Each structure stands twice: as structure tokens, then as C-alpha cells.
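In: just need the structure, nothing else, for what follows:
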Amino acid sequence: MKKFLAVFLGKPEAMDKWMQMPEAERKPKEMEGMQAWTKWMEDHKKSLVGDGGSPLGKTKRVDKNGITDVRNEMGAWTMVEAESHEAAAKMFENHPHFMIFPGECIEVMECMPIPKM
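Out: The predicted structure is shown next:
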């Protein structure tokens with residue numbers, strides 16, 4: 001089995017709009033989304049690697065000029081095992097990240113083995 005990292009992406013502006021939604025409207029959608037996400041995790045528990053991933057917090061960028069606060073589109077991550085890249089990607093079709101929540105997409109990439117020297 002190969003390992004694949006899935007990164008949940010969404011524009012910061014979409015999350016801002018979501019958070020500005022009246023609480024009476026947003027809270028039921030959050031509950032619906034979390035129930036659907038929990039069901040997705042249960043349906044794919046045999047494929048999940050480790051603890052199933054997590055939401056991501058604020059970001060700091062480190063480069064040759066130092067450390068800066070940045071905002072990007074990454075919202076969460078998980079790692080799965082699958083026979084192929086296609087099989088891993090199929091696990092995320094119709095995921096609540098973009099079907100209920102304001103997420104845009106999920107990018108799935110193979111975690112390649114480190115080359116031996």
C-alpha cells in the first residue's frame with residue numbers, strides 16, 4: 001500500500017464569509033458538516049494513517065529573509081493508504097469539505113520514499 005497526503009484547501013475569503021454568516025444559520029451547517037465528516041472518517045477508517053489528520057492553524061513562513069505571518073488556502077490535512085493515486089483520490093469525491101463547508105478542493109499527493117544514498 002502507498003501513502004497519500006490529502007490537503008484540504010479553501011480561499012481565506014470563503015472562510016471569512018462563512019464566519020460572517022449569522023450564527024443561527026452557520027451552526028446547523030457546522031453540525032451537518034461535522035456529522036458528515038465523522039461519517040467519512042468512519043467509512044474510511046481502514047485507510048486512515050495515524051490519527052486521521054487535523055485542522056490547520058495560523059501560518060508562519062520562514063525564508064532567507066526571516067519569519068512572517070501569512071495566510072494561505074490550507075485548512076486541514078489527512079493521510080490515507082491506498083493501492084493507487086486514483087484510488088486515494090476517489091476516497092475524497094463528494095467530501096463534506098466542499099459539499100457542505102466553504103472548502104474549494106482537496107489535493108491528494110503520494111508520499112514518496114526517501115531515496116537511498
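In: tell me the contacts of L5?
Out: Neighbouring residues of L5 by C-beta atoms under 8 Å, 6 or more residues apart in numbering: 77-79, 108-109, 111. (C-beta placed from N, C-alpha, C; glycine too.)
In: mind listing the strands for the chain?
Out: For the chain, the strands defined by DSSP state E occupy 2-9, 54-55, 59-63, 66-70, 74-82, 105-110.
In: possible to save the ones you listed as CSV with mean pLDDT and distance to S47?
Out: Formatted as CSV, the strands of the chain follow (pLDDT from 0 to 100; distance: least, C-beta to C-beta, whole Å):
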stretch, mean pLDDT, distance to S47
strand 2-9, 97, 9
strand 54-55, 93, 17
strand 59-63, 97, 27
strand 66-70, 97, 31
strand 74-82, 97, 5
strand 105-110, 98, 12
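In: can I get those in TSV including distance to H97?
Out: Below are the strands of the chain laid out as TSV (distance: least, C-beta to C-beta, whole Å):
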stretch	distance to H97
strand 2-9	5
strand 54-55	11
strand 59-63	18
strand 66-70	21
strand 74-82	7
strand 105-110	6
